[in-house]
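> coords below, sequence missing:
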């Protein structure tokens, strides 16, 4: 078990992002970090990069992968089943977001295949969030016009067929229960009603009058890296953007946010086996109104860190029914910080960077950690290291025993391409 401390930050000067960026999509998969799109400070880009994480926390160098089919910033990036999945975002002018969804195969060497357009989001949106849960991609909130109109809509789409459904009590009304695939085509399937279909007919030994046409056409197939049709789910109880989000134990959570003023509301919804969600539950309000905050879930607790005008860290226990208990103040930060980033790893909470006034003048470089106790409290918040540069609106990823900080804005409000890593100590 680690002690939550970090060793010295290493500036990966030979592993700079190829272009200074913020507002990009980021995810990690199978020992690689992937960065897509983003904004240079003047234009959106369509570039896609990946870098392998070495055992010493360095990167092997960014590879330029197949470009996205459009200029994109403030989109979402997820991964599932060996594919990258990107949704929404906007071109250089965020007054006109897009609804397109793309996916790309992740090759064993960390490169990607071509981006393929999939089922579009039901509405145009940027600055939204996306998460993968129970084989479904779920998106929520965002804006349709660069922040003037906030959204409360929630959508889900299946990422795989509901093959061999484990929940035998669920009544499926569409889709297949079982598929055998070849070249992204379902050759044999059993649909939700039990009807069997084959793509090429049946062959019987020593029988000459075998069927020569399909019994029926295949129903609702989903190939590898594909997505089904988006389903419009229960709206968020109110329009919202810039909120914290987390998923845990089959529930999704939305914390705080902004709809003209900062919010203290907290909601949860159960993710059903068919990718729909249950009714939104209004949970215990946050102790203060939060916007531009950082949130995560770990070991049965929700954590929310900082936010506009907030210098506290709070936690609340997650109950089996997706509700939460009372919020407890579990830590006090050195000052109120917003637009920071956070990650939980090996029983410790990490957070760092951010700004105390919404722009680069108030940005910081400190990174902190605290042990997550079994009761959801934190040990002492310790300043474990400082980033080599002031940073906010950046991304933080913990993987393979290292903490990474990528891109963002510096103290001059300029987008940067620097990437840093620091080993997470095990002593």
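That came through fine. These numbers come from a predicted model, not from an experiment.
> now for the helix or strand bottoming out on mean pLDDT in the chain, which elements pack on it?
One helix or strand of the chain scores below all others by mean pLDDT, DSSP states H and E: strand 176-182, with a mean of 74. Judged by 3 or more CB pairs under 8 Å, 6 or more residues apart in numbering; DSSP states H and E, the packing partners of strand 176-182 are strand 185-191. No exception for glycine: its C-beta is placed from N, CA and C like everyone else's.
> run the last query once more with 10 Å
strand 185-191, strand 196-198 (3 or more CB pairs under 10 Å, 6 or more residues apart in numbering; DSSP states H and E).
> any idea which of those is most buried?
Among the helices and strands packed on strand 176-182, strand 185-191 has the highest mean neighbour count (mean count of other CB atoms under 10 Å), at a mean of 18.
> hmm, who's touching stretch 371-378?
Residues outside stretch 371-378 that contact it (CB atoms under 10 Å, 6 or more residues apart in numbering): 1-5, 298-303, 313-318, 325, 328-331, 344-349, 369-370, 379-382.
> low-confidence ranges in the stretch 101-250 of the chain?
Where the stretch 101-250 of the chain drops to pLDDT under 70, the residues are 160-172, 183-184, 203-228.
> ok so, going back, now render the helices and strands packed on strand 176-182 as TSV, adding distance to residue 395.
Output for the helices and strands packed on strand 176-182, formatted as TSV (distance: least, CB to CB, whole Å):
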stretch	distance to residue 395
strand 185-191	37
strand 196-198	44
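> nearest approach to residue 273 belongs to which of the ones you listed?
Across these, the minimum distance to residue 273, taken as CB to CB, is reached by strand 185-191, at 16.5 Å.
> other SSEs contacting that closest one?
Strand 185-191 is packed against strand 176-182, strand 196-198, with contacts defined by 3+ CB pairs under 10 Å, 6+ apart.
> with distance to residue 259 added, can I get those strands in JSON lines?
Listed next are those as JSON lines, based on distance: least, CB to CB, whole Å:
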{"stretch": "strand 176-182", "distance to residue 259": "40"}
{"stretch": "strand 196-198", "distance to residue 259": "48"}
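> wait, which of those strands is closest to residue 307?
Closest approach to residue 307 among the helices and strands packed on strand 185-191 is made by strand 176-182 (44.0 Å; CB to CB).
> how far off centre is that closest one?
Centre-to-centre, strand 176-182 and its host chain are 28 Å apart (CA atoms, centre = their mean, to the nearest Å).
> buried ones in that strand?
By neighbour count with 16 or more other CB atoms under 10 Å, strand 176-182 contains the buried residues 176-177, 179, 181.
> who wins for proximity to residue 398 among the helices and strands packed on strand 176-182?
Of all those, it is strand 185-191 that lies closest to residue 398, at 38.1 Å by CB to CB.
> now the closest one, how far from the chain's geometric center?
A distance of 31 Å separates the centroid of the chain from that of strand 185-191, by CA atoms, centre = their mean.
> so where do the strands sit in the stretch 251-400 of the chain?
For the stretch 251-400 of the chain, the strands defined by DSSP state E, counting those that start in this stretch occupy 251-255, 266-270, 281-282, 294-298, 301-305, 312-317, 328-332, 341-345, 348-352, 364-371, 382-391, 395-399.
> for residue 14, helix, strand, or coil?
The three-state assignment at residue 14 reads helix, by DSSP: H, G, I helix; E, B strand; the rest coil.
> now do it, the pLDDT please.
Looking at residue 14, its pLDDT stands at 77.
> skipping its backbone neighbours, what lies nearest it in space?
Distances taken as CB to CB, 6 or more residues apart in numbering put residue 61 closest to residue 14, at 7.2 Å, once the chain neighbours are dropped.
> any idea how far the one you found is from residue 109?
Distance of residue 61 to residue 109, given as CB to CB, to the nearest Å: 12 Å.
> isn't residue 239 right up against residue 149?
Yes. The pair residue 239 / residue 149 is scored as a contact, 7.7 Å apart, by CB atoms under 10 Å.
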